[in-house]
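S.K.: for reference, the sequence and a predicted model appear below.
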Amino acid sequence: MLSNLATRDVETLIHPYTNLETFRETGPLVIERGHGVWVYDSDGRPYLEGMAGLWCTALGYSNEELVEAASEQMSRLPFTHLFSGRSHDPAIELAETLKELMPVPTSKIFFTSSGSEANDTQVKLTWYMNNALGRPRKKKILSHIKGYHGVTVATASMTGLPANHADWDLPLPGFLHVGCPHHYRFGQEGESEEAFTTRLAAELEAVILHEGPETVAAFVAEPVLGAGGAILPPAGYYAKIQAVLDRHDVRFIADEVICGFGRLGTWFGSEAMGMRPDSLSFAKALTSGYLPLGGISVDEPLYRLMVQQSAKLGTFGHGTTYSGHPVACAVALKTIAIYKRDRIVEGVAEKAPQFQARLAALGDHPLVGEARGIGLIGGIELVADKASRRQYEPKAGVAARVVAFAQAEGLIVRFLAGDRVAVCPPLVIAPSEIDTLFDRLTRALDRTAAWIAEQKLEAAPLREA
């Protein structure tokens, strides 16, 4: 039976990305407090938070400096906005700080409240830009199959996951998806990673030529595909993609919502993956997830067009109430200051070899076909047969079972489409806690293997990629 608190939850809340039917029986895991990389449920039981919340709580829980920054700003100026030329110190200082950090030429920063809003803004500005340039047909947006870019109507259209499209009447026309850069799952038999990336680049160019370069406006990509499975593209992939985009004047937008601010051992994932985007979208770790804040970088040519259009139309007709919220900006400033002072990004690079070695070792487990990542992020793909890479039927819920057993072991991880399990802990995780994380995940895999044997589950028929 569900507790009173769980029953109240079931009867009052809608939970994102949850099977709402089965949830009525299982109820929620209610988290009451957190400290460092640990969170505690309503019964006081501790869990190592192996997903940094939702890929975001980089500095862990209950960081007193962030709490103090929020409190001080709340006392001084709890709210104002950036509409109609109004401003405030935290937004100005944060924009200056971010301009210095950006790995691409940046003229201005535009703030949003989330990664979805940031990527939605990228779409709107791309269309706005091409109208200003007299190219009204250059509007199509390309992104990856299995890429994830948000849940607004536009960003869910960019997202390449079936659950974000089925019965939502998405994607909208003009949003196209190209091959997922996952060699393990989509590489052809005997195809090297280099040959795979060459093929994907050729396929991208074929799509652009088929649609007409005069109609294709932008390509949006995550350095590491997050919600699509924590998928690491092969080395050299983005260099080959970049050459295609340059040939056809297609704007390159990096979705850094998960990879930005240290996750891959560099300030931005674009630097680690050899990307040269025209603009970045960011959110999540900007405030260590403590308050909602996101944004995009605006290059000088785009800014000049925005000024031109504002003069023509009388205003820049875009923005939301909480764009550049002063409390969120103050927390972001303190977050970045801590990243710099405590060498958080450098620390990720130093801890990554241990993390990746423990991750790679899971590849020896009978259930794991692939275990791969970079920095402090990784994904494992579960298979029924290593040789053929056949998986279990999706309805068997094998990845969900791993996550449930991990939770029973005191570890929070996340299952994703394609029987994949993602690991993405706070960046402040200690070496001993990395070992604890993988020890518990290994036990969860062992328990899942025993459960599969009990259930006598068999591999699903081999399907075409």
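M.R.: Happy to help now that I have it.

S.K.: quick check: which helices or strands does the lengthiest helix in the chain pack against?
M.R.: Under DSSP state H, the helix in the chain containing the largest number of residues is helix 431-455. Under the contact definition 3 or more Cβ pairs under 8 Å, 6 or more residues apart in numbering; DSSP states H and E, helix 431-455 sits against strand 46-49, helix 344-361, helix 398-408, strand 411-412, strand 420-423. No exception for glycine: its C-beta is placed from N, CA and C like everyone else's.

S.K.: now render the ones you listed as JSON lines, adding mean pLDDT and mean neighbour count.
M.R.: Output for the helices and strands packed on helix 431-455, formatted as JSON lines (pLDDT from 0 to 100; neighbours: other Cβ atoms under 10 Å):
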{"stretch": "strand 46-49", "mean pLDDT": "98", "mean neighbour count": "20"}
{"stretch": "helix 344-361", "mean pLDDT": "98", "mean neighbour count": "18"}
{"stretch": "helix 398-408", "mean pLDDT": "97", "mean neighbour count": "21"}
{"stretch": "strand 411-412", "mean pLDDT": "98", "mean neighbour count": "23"}
{"stretch": "strand 420-423", "mean pLDDT": "98", "mean neighbour count": "27"}
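
S.K.: need these in CSV (columns: distance to Gln391).
M.R.: Below are the helices and strands packed on helix 431-455 laid out as CSV (distance: least, Cβ to Cβ, whole Å):
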stretch, distance to Gln391
strand 46-49, 27
helix 344-361, 20
helix 398-408, 8
strand 411-412, 23
strand 420-423, 10
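
S.K.: of these, which is nearest Leu445?
M.R.: helix 398-408 (6.2 Å; Cβ to Cβ).

S.K.: got the angle for the closest one vs helix 431-455?
M.R.: 130 degrees (axes from the mean of the first three to the mean of the last three Cα atoms, to 10 degrees).

S.K.: that older thread, between the helices and strands packed on helix 431-455, which gets nearest to Trp451?
M.R.: helix 398-408 (6.0 Å).

S.K.: what is the neighbour count of Glu100?
M.R.: 8 (other Cβ atoms under 10 Å).

S.K.: ugh, wrong one, Ala453
M.R.: Ala453 has 9 nearby residues by other Cβ under 10 Å.

S.K.: go ahead and flag the most central residue of this protein.
M.R.: With distances taken as Cα atoms, centre = their mean, Ile258 lies nearest the centre of the chain, 3.6 Å away.

S.K.: what bridges to Asn49?
M.R.: Heads up, residue 49 is Glu, not Asn. Using DSSP bridges, the bridge partners assigned to Glu49 are Ile412.

S.K.: distance of the residue in the chain sticking out farthest from the centre from Arg372?
M.R.: Residue farthest from the centre of the chain, counting by Cα atoms, centre = their mean, is Lys312 at 36.5 Å. From Lys312 across to Arg372, the span is 49 Å (Cβ to Cβ, to the nearest Å).

S.K.: show me what contacts the nearest residue to the residue nearest to the centre of the chain once chain neighbours are set aside?
M.R.: Of all residues not flanking Ile258 in the chain, Gly226 sits nearest, at 4.1 Å (Cβ to Cβ, 6 or more residues apart in numbering). Shown in contact with Gly226 (Cβ atoms under 8 Å, 6 or more residues apart in numbering): 55, 148, 257-259, 377, 422, 424.

S.K.: swap in 10 Å and give it another go.
M.R.: Neighbouring residues of Gly226 by Cβ atoms under 10 Å, 6 or more residues apart in numbering: 54-55, 115, 146-149, 255, 257-259, 263, 269, 284, 377, 379, 414, 416, 422, 424.

S.K.: for the longest helix of the chain, what is the average pLDDT?
M.R.: Mean pLDDT, helix 431-455: 98.

S.K.: quick one: that helix to helix 344-361, angle?
M.R.: 30 degrees.

S.K.: buried residues of helix 431-455, list them for me.
M.R.: By neighbour count with 16 or more other Cβ atoms under 10 Å, helix 431-455 contains the buried residues 433-434, 436-438, 440-445, 447-449, 452.

S.K.: I'd say Ile141 and Val207 touch.
M.R.: No - Ile141 lies out of contact with Val207 (Cβ atoms under 10 Å); the separation is 11.9 Å.

S.K.: name the residues contacting each of these two.
M.R.: By Cβ under 10 Å, 6+ apart, Ile141 and Val207 have these common neighbours: 176-177, 216, 219.

S.K.: quick one: which of those sit in strands?
M.R.: Within the shared contacts of Ile141 and Val207, residues falling in strands by DSSP state E are 176-177, 216, 219.

S.K.: and the two most separated of these?
M.R.: So for these, where distance means Cβ to Cβ, the most widely separated pair is His177 and Val216, at 13.0 Å.

S.K.: so which of the helices and strands packed on helix 431-455 gets nearest Ile14?
M.R.: helix 398-408 (19.7 Å).

S.K.: by contact count, what packs against the closest one?
M.R.: If contacts are counted by 3 or more Cβ pairs under 10 Å, 6 or more residues apart in numbering; DSSP states H and E, helix 398-408 sits against strand 46-49, strand 377-382, strand 411-412, strand 414-416, strand 420-423, helix 431-455.

S.K.: 7 Å instead?
M.R.: strand 377-382, strand 414-416, strand 420-423, helix 431-455 (3 or more Cβ pairs under 7 Å, 6 or more residues apart in numbering; DSSP states H and E).

S.K.: perfect, that will be all.
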